[in-house]
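Visitor: What follows is a protein structure lacking sequence information:
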């Protein structure tokens, strides 16, 4: 089946791959654009996961102020100064700053949650489940679910991404790793809200 040059260009733009790879994906998907895009995204995310171990010493610090009431400063790292200067990378850093302003996370990743805080939340959940008299075989699953739900919105990477439904911040970062070809890490952030001490 013949594939159109418009589809090839569109697929290239959306996934950040070369024209040859975009054409190959469309051929393999029998010209079905959505199928080709899905296949390319899966490949890209696989590549992105492999890049996740690479060192990130470059990057930028970006800021965002919302209505003069909420301010965010965020450090986003990549591997090279070249990528740090790209508009796509700067845009990503700004989107992350907006996410932090809107969703007020406390931690970057689950690994940043202090053990005592995790323990405190788990204990509260266990006490609640015990008080409800749930059977022991399902009590642990309920506790795990409650703990996960509690931290999902407090951890930046697991939050629902505000600019695209059905996607987490981590998904958005991985897509940018695939697109830019380098590991990307959100190192730290600070969120300040007028009249609120955290």
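Guide: The structure has been received and is ready for your questions. These numbers come from a predicted model, not from an experiment.
Visitor: and residue 59, what is it in contact with?
Guide: 75-78, 84, 93, 185, 187 (C-beta atoms under 8 Å, 6 or more residues apart in numbering). No exception for glycine: its C-beta is placed from N, CA and C like everyone else's.
Visitor: In helices only, show me those residues.
Guide: 84, 93 (DSSP state H).
Visitor: Any quick ChimeraX command for the buried ones out of the contacts of residue 59?
Guide: Selection of buried members from the contacts of residue 59 for ChimeraX, criterion 16 or more other C-beta atoms under 10 Å:
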select :75,76,77,78,84,93,185
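Visitor: Let's have the contacts of residue 59 in a markdown table, adding pLDDT.
Guide: Below are the contacts of residue 59 laid out as a markdown table (pLDDT from 0 to 100):
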| residue | pLDDT |
| --- | --- |
| 75 | 97 |
| 76 | 97 |
| 77 | 95 |
| 78 | 93 |
| 84 | 94 |
| 93 | 97 |
| 185 | 94 |
| 187 | 94 |
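Visitor: Relative to residue 4, which of the contacts of residue 59 is nearest.
Guide: Residue 4 lies nearest to residue 78 out of the contacts of residue 59, by C-beta to C-beta, at 33.9 Å.
Visitor: The closest one touches residue 89, doesn't it?
Guide: Yes: in this structure, residue 78 is within contact of residue 89 by C-beta atoms under 8 Å, at 6.2 Å.
Visitor: Next, show the common contact partners of the two.
Guide: Residues touching both residue 78 and residue 89 (C-beta under 8 Å, 6+ apart) are 180, 184.
Visitor: follow-up on the earlier one: take the contacts of residue 59 and write them to JSON lines, including distance to residue 145.
Guide: Conversion of the contacts of residue 59 to JSON lines gives the following (distance: C-beta to C-beta, whole Å):
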{"residue": "75", "distance to residue 145": "32"}
{"residue": "76", "distance to residue 145": "31"}
{"residue": "77", "distance to residue 145": "33"}
{"residue": "78", "distance to residue 145": "35"}
{"residue": "84", "distance to residue 145": "39"}
{"residue": "93", "distance to residue 145": "33"}
{"residue": "185", "distance to residue 145": "28"}
{"residue": "187", "distance to residue 145": "30"}
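Visitor: number of nearby residues for the closest residue to residue 153 other than its chain neighbours?
Guide: In this structure, residue 153 finds its nearest non-sequential neighbour in residue 159, 5.9 Å apart by C-beta to C-beta, 6 or more residues apart in numbering. Residue 159 has 19 neighbouring residues, counting by other C-beta atoms under 10 Å.
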